[in-house]
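> need coordinates for the below:
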Amino acid sequence: MRLTNPLWYLVALLLAIGSAMVAAAVAATAYDTIKTTQVTGMQERADARGKTLAVYTDDYEPERGVTCHARGRDKVRVEITKPVPDIDNRTGGTTWHLLAVLEEGRDGMRVACSPKSKDIDDGAAYAWSVVDDFEAPSRNGKGIASLGLAAGAGFGAYVFWCRRSARRDAKLEAATPKPT
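Residues are numbered from 1 along each chain as shown. Modelled structure (predicted):
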């Protein structure tokens with residue numbers, strides 16, 4: 001079947017866009033475990049080898065510019081990056097706001113957070129949780145997006161080839177003398 005109608009390009013574009021939307025939805029499920037995991041106070045060490053370490057605060061004020069870091073038993077300081085979304089975890093009657101995520105945790109990590117202004121952080125409490133399989137949904141989302149984009153581009157190229165072949169065949173047919 002030759003796809004010569006230019007509207008097939010629209011189908012290729014919708015395939016790519018649709019797969020990107022599905023990929024975003026799949027990748028967003030990575031934060032579902034962060035919303036429901038049990039939160040632990042900062043006074044305890046985190047055993048997060050091969051897992052993700054999530055850091056929370058109960059007093060979320062982005063303008064304070066709170067930064068967090070962790071040190072393992074080896075005393076190496078690791079900065080914990082701030083995630084993009086604002087995620088809440090309601091545990092034990094407290095609403096904890098996601099502050100930072102360290103995707104590759106280690107055992108025996110002590111976590112510390114402080115505002116950039118170095119003022120005394122009165123009233124704010126911090127906590128952490130260890131999350132399993134945080135990276136899997138984002139990897140799956142990237143895979144879906146890549147496959148969808150490749151399928152959309154491949155389908156668009158096939159439509160281009162079909163249209164070009166049809167034009168070439170029409171030119172050849174018009175140029176060929178017909179027997180009378």
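
> contacts and neighbour counts: CA atoms only from here.
OK.

> OK, contacts around the residue nearest to residue 34 when sequence neighbours are not counted?
Nearest residue to residue 34 in three dimensions, chain neighbours excluded: residue 131, at 6.6 Å (Cα to Cα, 6 or more residues apart in numbering). Listed by Cα atoms under 8 Å, 6 or more residues apart in numbering, the contact set of residue 131 reads 33, 34, 37, 51, 52, 53, 54.

> what do you get for residue 68?
So residue 68 contacts 55, 79, 80, 81, 100, 111, 112, 113, 114 (Cα under 8 Å, 6+ apart).

> one more: residue 132?
Residue 132 neighbours (Cα under 8 Å, 6+ apart): 33, 51, 52.

> 10 Å - rerun?
Neighbour list for residue 132: 30, 33, 34, 37, 48, 50, 51, 52, 53 [criterion: Cα atoms under 10 Å, 6 or more residues apart in numbering].

> for the longest strand seen in the chain, buried residues please.
Counting by DSSP state E, the longest strand found in the chain is strand 94-102. Of all the residues in strand 94-102, those buried under the rule 16 or more other Cα atoms under 10 Å are 96, 97, 98, 99, 100, 101, 102.

> what's next to the helix or strand just after it, contact-wise?
Using DSSP states H and E, the helix or strand that follows strand 94-102 in sequence is strand 110-115. Strand 110-115 has contacts (Cα under 10 Å, 6+ apart) with 41-47, 53, 55-57, 62-73, 75, 77-80, 99-100, 120-121, 124-128.

> out of the residues you listed, which end up buried?
42, 45-47, 53, 55-57, 66-72, 79-80, 99-100, 126-128.

> dump the residue contacts of residue 17.
11, 23, 145, 148, 149, 152.

> so how far is residue 138 from the last one?
So that's residue 152. 21 Å (Cα to Cα, to the nearest Å).

> between the two, which one's more packed in?
The neighbour comparison of residue 152 against residue 138 (other Cα atoms under 10 Å) goes to residue 152, with 23 against 20.

> pretty sure the more buried one is touching residue 15, no?
Yes: applying Cα atoms under 10 Å, one finds residue 152 in contact with residue 15, separated by 5.4 Å.
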